[in-house]
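# give me coordinates for this.
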Amino acid sequence: MPVTTSDARHASIAGVWLRVVLVFAMTLPMLILYAISTLGPLLGHDLHFEPALLGYLVMSSFGLAAILSLWAGIFVDRIGSRYALIALFFTIASAFALMASAENFYGLVAAAAVCGIAQALANPVTNLLIAQQVPPEKRAQVVGLKQSGVQVAALFAGLALPSIAIQYGWRVAVGMIVPAAILFGITAPFVTPKIHARTGKSFIFLPPNSLLLRLMGIQFCVGISLSAFVTFLPTFATQQCMPLSLAGTLIAVFGVMGIISRMVLTPMGAKLEDESLLLLVLIAIAACAVMATMQAGPENLWWLWVGAAGMGLTAVGTNAIAMSMLIRDPAFGPVSAASGLVSAAFFGGFALGPPLYGALSNYSIGFPLGWSMQVSSLLLACALSLVLASARRRKVQAPTC
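Residues are numbered from 1 along each chain as shown. The predicted model follows:
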């Protein structure tokens, strides 16, 4: 049966809307991190808690996400991409509604934890949708696009949230996310398959294979450094005498560079025989970006911009490349389950990084131990990238029977 112009136009519109939904399925769960970062001073002042406690908000969200991610892939396989995507968006709406109505620090902790449910679902359901509905030759590009949604959250939080919060209050700023999440939840059925073949898998945790375990280690180490960097960069900047409004734009710069990184580097990595070496290069540059940030002071604030741009261009892209690796190479395991496990490792690092940074900073002046921890974590990730590259090379060269 020939394809009509109307059918082609409908398919094109559906493809565009699928990509929009994929982007926001990554944007909205991660917005909690950047909202905490950019609105932290206002939250602390209004609800009467110390800025150091911001790290525990991040920990509550990503800690729960890390635990749930161990089973999130199996859960998505069981219920299908349609119901998983609906659950993701309505969970986000609930989380930001709780945050907007929070009366104390513990209310924020509860809201952040609820958002952790959506974070656990995000990568498995979006990767499954890509595997189901995107042609193989376009998958790396779409993965890069949807992973850039995380940095769209940083851009929005850095540019829009502070100004909205200053004029109308932080409750309005976070409350406006609720109707957007509900809208995407209602429209989710239009971009998901009508029929889902259940896998029948049990919810028993299946350990990762050796290749996946190495990739998880890389993402865990990157997550530690990246979360600590993003959470405390505006606070560190204000302590170097940068105005609060300008400090918020550091996150926006970080977000813009992250979008560029994921859009450009993911398709580039897909053309390589082994993306592991690209991970190594990016993580090494990220370590240099953190060291550059450490050089900032009242007289040389430009180092902060170098650090923000450098981390956005490098460390941010590694997660998108890792997800593309899972989709391209079946050696890592089934897409949904492998995505959940890598997300668990990444979120585990995200949960640990901010409180660890805060604890180490209490024992030093000017945060040198906190920043050194970030560099050390990235150097360990470099070593693991070399190990992963070696293991994949041996696997390819191994004779087949």
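# what's the average pLDDT for the helix ranked longest in the chain?
Counting by DSSP state H, the longest helix found in the chain is helix 54-100. In this model, helix 54-100 has an average pLDDT of 89.
# list the contacts of the residue nearest to the spatial centre of the chain.
Closest to where the C-alpha atoms of the chain average out (Cα atoms, centre = their mean) is Val150, at 5.3 Å. Contacts for Val150 (Cβ atoms under 8 Å, 6 or more residues apart in numbering) come out as 26-27, 30, 258, 262, 316, 319. (C-beta placed from N, C-alpha, C; glycine too.)
# repeat that for 10 Å
If a contact means Cβ atoms under 10 Å, 6 or more residues apart in numbering, then Val150 has 23, 26-27, 29-31, 33-34, 122, 255, 258-259, 262, 316, 319-320 as its contacts.
# so how far is the longest helix of the chain off the chain centroid?
12 Å (Cα atoms, centre = their mean, to the nearest Å).
# can you give me the buried ones in the very next helix or strand once past that helix?
Counting by DSSP states H and E, the next helix or strand C-terminal to helix 54-100 is helix 105-133. Within helix 105-133, the residues that qualify as buried are 105, 108-109, 111-131, 133, counting by 16 or more other Cβ atoms under 10 Å.
# looking at the contacts of Val150, which are in helices?
Using DSSP H, the contacts of Val150 in helices are 23, 26-27, 29-31, 33-34, 122, 255, 258-259, 262, 316, 319-320.
# so where is the stretch 201-350 of the chain shaky, pLDDT-wise?
201-206 (pLDDT under 70).
# if we go to 80?
201-207, 235, 244-245, 247-248, 262-263, 265-274, 327, 335-337, 339-340 (pLDDT under 80).
# what ranges does it have for its strands?
With DSSP state E, counting those that start in this stretch, there are no strands along the stretch 201-350 of the chain.
# which stretches of it form helices?
210-239, 244-270, 276-294, 302-313, 315-328, 335-361 (DSSP state H, counting those that start in this stretch).
# the longest one: how far from the chain's middle?
Relative to the centre of its chain, helix 210-239 is centred 10 Å away, using Cα atoms, centre = their mean.
# just the third one next, same as before
Computed by Cα atoms, centre = their mean, the chain-centroid distance of helix 276-294 equals 18 Å.
# next one: the fifth one
When C-alpha coordinates are averaged (Cα atoms, centre = their mean), helix 315-328 and its chain have centres 11 Å apart.
# give me the helices and strands touching that helix, please.
The helices and strands touching helix 315-328, judged by 3 or more Cβ pairs under 10 Å, 6 or more residues apart in numbering; DSSP states H and E, are helix 105-133, helix 139-147, helix 149-159, helix 210-239, helix 244-270, helix 276-294, helix 335-361, helix 368-397.
# can you add distance to Phe62 and give the ones you listed back as TSV?
Shown next, in TSV, are the helices and strands packed on helix 315-328 (distance: least, Cβ to Cβ, whole Å):
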stretch	distance to Phe62
helix 105-133	6
helix 139-147	17
helix 149-159	13
helix 210-239	7
helix 244-270	17
helix 276-294	19
helix 335-361	4
helix 368-397	15
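# quick one: which of those helices is nearest Leu98?
Smallest distance to Leu98 across the helices and strands packed on helix 315-328 (Cβ to Cβ): 3.8 Å, for helix 105-133.
# how much space between the residue nearest to Tyr56 when sequence neighbours are not counted and Leu369?
Distances taken as Cβ to Cβ, 6 or more residues apart in numbering put Pro355 closest to Tyr56, at 6.0 Å, once the chain neighbours are dropped. Counting by Cβ to Cβ, to the nearest Å, the separation of Pro355 from Leu369 is 14 Å.
# which one of those two has more residues nearby?
Applying other Cβ atoms under 10 Å to Pro355 and Leu369 shows that Pro355 carries more neighbours, namely 21 against 16.
# tell me the contacts of the more buried one?
52-59, 63, 227-228, 231.
# 6 Å - rerun?
55-56, 59 (Cβ atoms under 6 Å, 6 or more residues apart in numbering).
# and those residues, which is closest to Ser163?
Closest to Ser163, out of all of the contacts of Pro355 and judged by Cβ to Cβ, is Gly55, at 24.9 Å.
# which non-adjacent residue is nearest the closest one?
Per Cβ to Cβ, 6+ apart, closest to Gly55 is Pro354, 3.3 Å.
# count the residues that sit near that neighbour.
28.
# next one: it from Ala381, what distance?
Applying Cβ to Cβ to Pro354 and Ala381 gives a distance of 18 Å.
# got it, and Met26?
22 Å.
# equivalent analysis for Leu155, please.
25 Å.
# give me the contacts around stretch 293-302.
240-242, 303-304, 307, 371.
# out of the residues you listed, grab the one that's most surrounded.
In these, the most neighbours by other Cβ under 10 Å go to Gly307, 28 neighbours.
# how about that one: what's its closest non-neighbour residue?
Leaving out its chain neighbours, Gly307 is closest to Thr293 (Cβ to Cβ, 6+ apart), at 3.0 Å.
# with Leu22 instead?
Leu22 sits nearest to Lys146 (Cβ to Cβ, 6+ apart), 3.8 Å away.
# that neighbour and Ala308: what is the separation?
From Lys146 to Ala308 the distance is 23 Å (Cβ to Cβ).
# next one: Ala345
24 Å.
# quick one, what contacts Phe229?
Met311.
# who has more neighbours, Leu155 and Ala381?
Counted by other Cβ under 10 Å, Leu155 and Ala381 do not tie: Ala381 has more neighbours, with 28 against 22.
# ok, now which ones touch the closest residue to that one other than its chain neighbours?
Of all residues not flanking Ala381 in the chain, Cys221 sits nearest, at 3.7 Å (Cβ to Cβ, 6+ apart). Contacts for Cys221 (Cβ under 6 Å, 6+ apart) come out as 377, 380-381.
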